[in-house]
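Novice: predicted structure and sequence below. I'll ask about it afterward.
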Amino acid sequence: MSIFTHVTVGTNDLPNARSFYDKVLGALGHKRMADLGDNGSIWGESAPSFFVLKPANGAPATVGNGVTVSFEASDRAAIDAFHAAALASGGTCEGVPGPRGWAPNAYAAYARDLDGNKLAAYCFKPA
């Protein structure tokens, strides 16, 4: 059983966030499942799991210091594609694709989205 129903990050520019996540999450096999009008959108593979929303309180979206949203990738090539899509879509690099020594076969990449939210993609399968 999954520990989460979904994860949400905020945005201050929904049209650009939609374009960014369509490409970045598309590289991991996820698709946009729903748009919530001018308030946000939802992505997932077979069920809604990642939300990008304008903050409900009307204040600007801000980045959580120390917060990272990490996505599971099917293989290392998907992680490379995730990272490349993030950079090509205006995101910034927070860690190039490669092995991570804290777990056997850990391979990951890190990027920040257009609002500064820190993202990662991980695979634990051998090369």
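Specialist: Here it is on my side, so go on. Predicted, not measured: the structure shown is a model, and the values here were computed from it.
Novice: ok now stretch 40-52, how far from the chain's centre?
Specialist: Put simply, stretch 40-52 sits 10 Å off its chain's centre (Cα atoms, centre = their mean, to the nearest Å).
Novice: give me the buried positions along it.
Specialist: Gly40, Ser41, Ile42, Trp43, Gly44, Ser49, Phe50, Phe51, Val52 (16 or more other Cβ atoms under 10 Å). (C-beta placed from N, C-alpha, C; glycine too.)
Novice: give me the element the last one is part of.
Specialist: Secondary structure here is read from DSSP states H and E; on that basis Val52 sits in strand 48-53.
Novice: give me the average confidence score over the helix or strand following that strand.
Specialist: The helix or strand immediately downstream of strand 48-53 is strand 68-72, counting by DSSP H and E. For strand 68-72, mean pLDDT rounds to 97.
Novice: so which bits of the lengthiest strand in the chain are buried?
Specialist: The longest strand of the chain (DSSP state E) is strand 92-99. Residues Pro97 are the ones in strand 92-99 that count as buried (16+ other Cβ under 10 Å).
Novice: what pairs with the next helix or strand after that strand, and is each one parallel or antiparallel?
Specialist: Helices and strands here follow DSSP H and E; after strand 92-99, the next one along the chain is strand 107-112. The pairing partners recorded for strand 107-112 under DSSP bridges are strand 92-99 (antiparallel), strand 118-123 (antiparallel).
Novice: now distance to Val69 and mean pLDDT too, for those, in TSV please.
Specialist: Below are the strands paired with strand 107-112 laid out as TSV (distance: least, Cβ to Cβ, whole Å; pLDDT from 0 to 100):
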stretch	distance to Val69	mean pLDDT
strand 92-99	12	98
strand 118-123	6	98
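Novice: so which of those strands comes closest to Ile3?
Specialist: Distance to Ile3, taken as Cβ to Cβ, is lowest for strand 118-123 among the strands paired with strand 107-112, at 15.2 Å.
Novice: show me how far that closest one is from its chain's centre.
Specialist: 7 Å.
Novice: contacts for that strand?
Specialist: 24, 28, 63, 67-76, 78-79, 82-83, 86, 91, 94-95, 100, 105-113 (Cβ atoms under 8 Å, 6 or more residues apart in numbering).
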